[in-house]
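> Below: sequence and its predicted model.
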Amino acid sequence: MTKPIILTGDRTTGPLHIGHYAGSLRNRLRFQDSHEQFLLLADTQALTDHAHDPAKVRRSVIEVALDYLAVGIDPAKSTICLQSHLPALAELSMLYLNFVTVARLERNPTIKDEIQARGFGRNVPAGFLCYPAAQAADITAFKATRVPVGADQAPLIEQTNEIVRRINAAAGAAILPKAEAIIPKSGRLPGIDGKAKMSKSGGNAIALSASPAAISAAVRAMFTDPGHLRVEDPGEVEGNVVFTYLDAFDEDQEAVASLKAQYRRGGLGDALLKRRLEDILQALIAPIRQRREDFAKHPDYVLDVIRAGTEMARARTEATKREVVEGLGLFTL
Ligand code: TRP
């Protein structure tokens with residue numbers, strides 16, 4: 001039996017944080033035994049909103065690779081590869097752009113939100129507007145049928161499947177498979193300030209490489225219920241970041257449910273809750289940080305992992321590109 005194929009990835013714009021962990025890394029760890037899994041270091045996509053800082057995009061390739069290895073992605077089971085070094089992805093992107101309209105790209109909810117968040121307005125880089133077609137190229141070039149991502153990425157998978165339908169229709173054959181997004185039930189982890197998106201640039205993230213002191217400081221600064229002034233006061237659980245994180249990371253969900261009930265009634269202080277969360281996060285991150293430091297001492301090993309993975313991915317993606325070109329009946333020499 002061949003294993004189902006997974007392709008997923010991360011823009012290389014900085015080290016990953018616990019939002020990535022809860023949102024998709026955890027799923028990818030689970031899937032590496034049961035699936036053939038490819039992890040894409042998306043440096044080309046990173047440029048779509050970081051053209052002003054290519055040095056950061058370059059540096060972050062290693063940062064993200066270190067994060068993958070540190071959380072337990074095993075290169076013997078999962079293939080880590082570099083987007084910019086897989087020419088078939090760029091070629092398929094160009095092809096797919098002819099199978100999607102500007103209006104459809106502009107309507108994509110992910111793109112719409114991201115354009116707004118970055119304040120691009122009409123000055124959106126064309127590469128950014130078009131990255132859903134590139135992401136469709138990433139996914140289909142590997143013939144992936146499952147894509148573990150955060151909830152914000154769902155519209156991109158939907159648009160991928162539209163492109164798949166069009167290419168298959170144009171080719172008159174089912175060359176490309178449809179893909180399914182695998183999204184964690186818990187939804188997107190908010191930043192420590194309660195804002196919807198955790199991001200390093202927003203200063204509201206906890207990195208997977210965070211020091212013990214940084215973890216403490218982040219938990220101390222975490223948004224709770226501003227109306228919950230005294231321990232005996234009833235407090236709000238919804239929108240309370242400490243509870244949202246306990247939902248995501250506390251293995252004892254029964255205890256969390258009873259803490260919520262007690263908080264709502266009154267009689268449970270923020271300090272106690274935060275101590276519980278801090279212990280959980282320190283225990284989660286400590287081994288990741290340790291492994292990350294160990295791998296960082298062996299940069300040649302990390303480079304070898306990326307090189308070998310990229311080579312393996314190159315064969316795979318070139319084969320799909322050939323099939324698409326031939327399927328569409330384009331000229332070939
Ligand atoms: N868009 C993803 C992110 O912002 C990165 C990415 C690039 C990706 N190509 C992909 C994710 C293909 C899943 C599948 O992090």
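That came through, no problem. Residues are numbered from 1 along each chain as shown.

> Output the longest helix belonging to the protein.
Ranked by residue count and defined by DSSP state H, the top helix of the chain is helix 299-328.

> Would you indicate which residues of that one are buried?
For helix 299-328, burial by neighbour count (16 or more other CB atoms under 10 Å) applies to 302, 305-306, 309-310, 313-314, 316-317, 320-321, 324-325, 327. Heads up, the C-betas are built off the backbone N, CA and C, glycines and all.

> What helix or strand is whatever residue of the stretch 51-200 of the chain ends up closest to the ligand located in?
Per CB to the nearest ligand atom, D138 is where the stretch 51-200 of the chain lies closest to the ligand, at 4.0 Å. Assigned by DSSP states H and E, D138 falls within helix 131-141.

> and the helix or strand following that helix with the ligand, contact?
Sequence order places strand 146-148 as the next helix or strand after helix 131-141, per DSSP H and E. Yes - legend: contact between strand 146-148 and the ligand by CB under 6 Å from any ligand atom is shown at V147.

> So which residues on the protein come close to the ligand?
When proximity is defined as CB under 6 Å from any ligand atom, the chain approaches the ligand at 7-11, 40, 42, 45, 135, 138-139, 147, 149, 153.

> and the angle for the helix or strand where E162 lies with helix 299-328?
Using DSSP H and E, E162 falls within helix 154-171. Between helix 154-171 and helix 299-328, the angle comes out at 40 degrees (axes from the mean of the first three to the mean of the last three CA atoms, to 10 degrees).

> At which residues are the helices of the stretch 1-150 of the chain located?
Under the criterion DSSP state H, counting those that start in this stretch, helices of the stretch 1-150 of the chain are mapped to 18-20, 26-31, 43-47, 54-71, 87-96, 102-107, 109-117, 126-129, 131-141.

> most tightly surrounded among the ones you listed?
helix 131-141 (a mean of 27; mean count of other CB atoms under 10 Å).

> quick one: contacts of it?
7, 9, 40, 42, 44-45, 48, 83, 86, 88-90, 92-93, 95-97, 99-100, 105, 108, 110-111, 147, 155-157, 159-160, 163-164, 167, 176-177, 179, 316-317, 320-321 (CB atoms under 8 Å, 6 or more residues apart in numbering).
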